[in-house]
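K.L.:
with the input below, show me the fold.
(one chain, ligands or ions: 1)
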Amino acid sequence: MPNKILVTGGAGYIGSHTIVALLENGLEPIIVDNFSNANPDMLERLKGITGRDVKFYRADCTDRRAMRMIFESEKDLKGVIHFAALKSVAESILQPGRYYQNNLNALWTVAEVMQEFDIPNLVFSSSATVYGQPVELPVNENTPLSPPTNPYGNTKLQGEQYLRDLVTSGAAIRPALLRYFNPVGAHPSGLIGEAPLGAPSNLVPYITQTAVGMRQQLTIFGNNYNTPDGTCIRDFIHVMDLAEAHVACLQHLLRASDPGVETFNLGTGRGVSVWNAVTTFEEISGKALPYQFGPRRNGDVPAIWANVDRAQEVLNWKAERSFALALEDAYRWQLKAAS
Ligand code: UFG
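P.N.:
Reported below is the predicted structural model:
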């Protein structure tokens, strides 16, 4: 029998790609999603890619009764990947209460129900935002954390801290904290990808939507940073690489016997500037991208990229796909979505 893994937020952007990777690696994912930021047609799309019907529950992770019923029905779960969260930086500044309530309550409820049902293995979606603007680059997992610049980031930092406190208390839980850098790209089929509600706030969806005419032009936020070309630097990781990291992490947790918290940076180890992103996109698409330079965006750190040695050593995983491929896949997805 394949190992059953509960995937909260499994219909979302990173979640759906992880479902594909789990199936490809012989695991049996079960989705829990409230479809607050995902479309139920995701299940059909996943079937189109994998040929499989993925079991799913429409439920909110803050609903303890619903979560208990799911765990009751899925008795032999081997672990949980907890993606379900609100994730818009801008929205979190306007609605902090909603972000704290949803993100922390969902994590708390999932972690408590896991303990009730004796399921220790938990993969938690954290973010590089917990590093703030680091003094030294690249950042490794021991780089001191600094306060994030927005409530969304705070919920990730506090989520990490909660799981640490839980382990310190002796609770039977084994969390892995995955600090994502900048996930981009889409499945090569073009059937699943990033579908932000309204105007995208992230760079790559803004680029691809501009290329297909949904947006007039890209604004590059700041070209006077202290970086080689003046624009910000990020570590963009292909979402399929990120998805495969979740599989490697789960397999690691299934093998592990020691209790404790483990933390992994998930990036490529390479910094790419916003300007590089624009020119690489122009090369792969053969299109000139309309853009303008604008003022810096509040809360942006000038540069961050990951040291990914720990993930390579412990999980035997590293990102394999190039940034150009991620842009190509994101563009294919966008073209399909626009057609
Ligand atoms: N950018 C633009 N124009 C745009 C959008 C973005 O120039 O229209 C620039 C930003 O200023 C930034 C870079 O592109 O320099 C990347 O911006 P994103 O919004 O794509 O990504 P961030 O690095 O700001 O955000 C990511 C995740 C968040 C996370 C944050 C901090 O999306 O979830 O990193 O780790 F909180």
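K.L.:
nearest to the ligand: which residue in the stretch 51-200 of the chain?
P.N.:
As assessed by C-beta to the nearest ligand atom, the ligand sits closest to Thr129 within the stretch 51-200 of the chain, at 3.4 Å. All C-beta atoms are positioned from the backbone trio N, CA, C, and that covers glycine.
K.L.:
tell me if I am right that that residue is in a helix.
P.N.:
Yes: judged by DSSP: H, G, I helix; E, B strand; the rest coil, Thr129 forms part of a helix.
K.L.:
whichever residue of the stretch 151-300 of the chain sits closest to the ligand and Phe281: what is the separation?
P.N.:
Closest to the ligand within the stretch 151-300 of the chain is Cys232: 3.0 Å, counting by C-beta to the nearest ligand atom. Cys232 sits 16 Å away from Phe281, going by C-beta to C-beta, to the nearest Å.
K.L.:
so Asp12 touches Ala38, yeah?
P.N.:
If you look again at residue 12, you'll see it is Gly, not Asp. Yes: between Gly12 and Ala38 there is a contact at 4.9 Å, judged by C-beta atoms under 8 Å.
K.L.:
those two: which is more packed in?
P.N.:
It is Gly12, of Gly12 and Ala38, that has more neighbours when counted by other C-beta atoms under 10 Å, with 25 against 19.
K.L.:
quick one: name the residues of this structure near the ligand.
P.N.:
Selection of the chain residues close to the ligand by C-beta under 6 Å from any ligand atom yields 87, 89, 127-129, 152-153, 182, 201-203, 206, 218-221, 232, 234, 274, 297, 300.
K.L.:
type out the PyMOL command that picks the buried ones from those residues.
P.N.:
In PyMOL, a selection of the buried entries from the residues of the chain next to the ligand looks like this (16 or more other C-beta atoms under 10 Å):
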select buried, resi 87+89+127+128+129+152+153+182+202+203+206+218+220+221+232+234+274+300
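K.L.:
can you list the low-confidence ranges for the stretch 51-200 of the chain?
P.N.:
Judged by pLDDT under 70, the stretch 51-200 of the chain has no weakly predicted residues.
K.L.:
which residues touch Pro302?
P.N.:
Pro302 makes contacts with 133, 225-227, 232-233, as judged by C-beta atoms under 8 Å, 6 or more residues apart in numbering.
K.L.:
got it, and Ser125?
P.N.:
Ser125 touches 9, 14, 81-83, 85, 156, 178, 180, counting by C-beta under 8 Å, 6+ apart.
K.L.:
same check, this time on Arg310
P.N.:
140-141, 263-265.
K.L.:
could you rerun that using 6 Å?
P.N.:
Counting by C-beta atoms under 6 Å, 6 or more residues apart in numbering, Arg310 touches 141, 264.
K.L.:
related to what we said a few turns ago, pretty sure the residue of the stretch 51-200 of the chain closest to the ligand sits against Thr149.
P.N.:
No: using C-beta atoms under 6 Å, Thr129 is not in contact with Thr149, being 7.9 Å away.
K.L.:
the stretch 151-300 of the chain: helices as residue ranges?
P.N.:
Secondary structure of the stretch 151-300 of the chain (DSSP state H, counting those that start in this stretch): helices at 151-168, 203-211, 239-255, 274-285.
K.L.:
what separates the last one from the chain centre, distance-wise?
P.N.:
Going back to what we said before, that points to helix 274-285. With C-alpha atoms, centre = their mean, to the nearest Å as the basis, helix 274-285 stands 23 Å off its chain's centre.
K.L.:
tilt between that helix and helix 203-211?
P.N.:
With axes from the mean of the first three to the mean of the last three C-alpha atoms, to 10 degrees applied, the angle from helix 274-285 to helix 203-211 works out at 50 degrees.
K.L.:
which other helices and strands contact helix 274-285?
P.N.:
Contacts defined by 3 or more C-beta pairs under 6 Å, 6 or more residues apart in numbering; DSSP states H and E place helix 274-285 against helix 323-338.
K.L.:
could you list every helix and strand in contact with the helix it packs on?
P.N.:
helix 203-211, helix 274-285.
K.L.:
ok, then the element right after the helix or strand hosting Ile19?
P.N.:
Using DSSP states H and E, Ile19 sits in helix 13-24. Downstream of helix 13-24, the first helix or strand assigned by DSSP H and E is strand 28-33.
K.L.:
quick one: strands adjacent to that following strand?
P.N.:
strand 4-8 (parallel), strand 55-58 (parallel) (DSSP bridges).
K.L.:
ok, then the element right after it?
P.N.:
Assignment by DSSP H and E places the next element after strand 28-33 at helix 42-50.
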